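K.L.:
test case, fold it:
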Amino acid sequence: MDGKKKTNEIGAAIRVGDWAKPTTGLAPGYTQANLVILSKKYAYDFLLFCMRNPKTCPLIEVTDAGSPEPKQTAPGADLRTDIPQYRVYRHGELVEETSDISSYWQDDFVSFLIGCSFTFEKPLLDNGIPIRYIEEGRNVSMYSTNIPSESAGIFSGPMVVSMRPMKPSEAIRATQITSRFPSVHGAPVHIGNPAAIGIADINKPDFGDPVTIHEGEVPVFWGCGVTPQAAVMASKPELVITHAPGHMFITDVKDEEYAVI
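P.N.:
Prediction:
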């Protein structure tokens, strides 16, 4: 089966509700993306927020106003239905999680696809670096930090990070590998003591699931595309739709297209 057909079939399965779980480990080798949808009147502010925070919000596509089709990264897909779970925020408050946002769609909506660290799972695994949340069948652990994002227009808020526990030698190799993928968060932003970045309890993530940290392992933290959701909650625009944490949009773009040699 060719890759394009595979990603089309996965999108179709998500669209009809046959896949309603997090997308970690799905379609290895293909880029996954975070999603933010908002009114055109906020689009410039949000674009500027992404430009000022490239570690957490690396843009891979912005759609035309009113179009649910990501023409550059997945032609023919529909951002209203092709993610397993969405979150709907009104004035910064989460009001619904749903698998279909067609009823919310507006003609002035602009969609932002943001690089996701799930994209570098395969390169890590190919180099013998285990990914605990895949091993345990869980969602990745994500935490709000005390690191502020750089504000832009109405948008501000804390950096959110994802965490993967590793042996110190694996953390060094993982840093080398992920540095080649700046479009999907790149190198870690912190390694080691969670309290140093404002995380009080590593076993109680703000998003996703806790995972086992074995003796001799250190937590390794990457910038996370849930950061825009933290900004939405802090900034309170009228209506914003995002992916649910861990439930990503799967593109037709191969991982290596975002790798820097």
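K.L.:
can you tell me the element residue 122 falls in?
P.N.:
Under the criterion of DSSP states H and E, residue 122 resides in helix 121-126.
K.L.:
right, I mislabeled it, should have said residue 219
P.N.:
Applying DSSP H and E as the criterion places residue 219 in strand 218-223.
K.L.:
for that strand, packing partners?
P.N.:
Helices and strands touching strand 218-223, as assessed by 3 or more CB pairs under 8 Å, 6 or more residues apart in numbering; DSSP states H and E, comprise strand 158-166, helix 168-178, strand 190-191. C-beta here means a position set from N, CA and C on the backbone, and glycine is covered the same way.
K.L.:
and the first one with helix 168-178, angle?
P.N.:
Going by axes from the mean of the first three to the mean of the last three CA atoms, to 10 degrees, strand 158-166 is angled at 130 degrees with respect to helix 168-178.
K.L.:
strand 158-166 - contacts with which helices or strands?
P.N.:
Judged by 3+ CB pairs under 8 Å, 6+ apart, the packing partners of strand 158-166 are helix 132-135, strand 141-148, strand 218-223, helix 227-235.
K.L.:
what's the average pLDDT for that strand?
P.N.:
Taken as a whole, strand 158-166 has an average pLDDT of 97.
K.L.:
for that strand, which strands pair with it and how are they oriented?
P.N.:
The sheet places strand 158-166 alongside strand 141-148 (antiparallel), strand 218-223 (antiparallel), with pairing taken from DSSP bridges.
K.L.:
need these in a markdown table (columns: mean pLDDT).
P.N.:
Formatted as a markdown table, the entries for the strands paired with strand 158-166 read as follows, by pLDDT from 0 to 100:
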| stretch | mean pLDDT |
| --- | --- |
| strand 141-148 | 97 |
| strand 218-223 | 98 |
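K.L.:
make CSV out of those and add distance to residue 212.
P.N.:
Formatted as CSV, the entries for the strands paired with strand 158-166 read as follows, by distance: least, CB to CB, whole Å:
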stretch, distance to residue 212
strand 141-148, 11
strand 218-223, 12
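K.L.:
no more questions from me, cheers.
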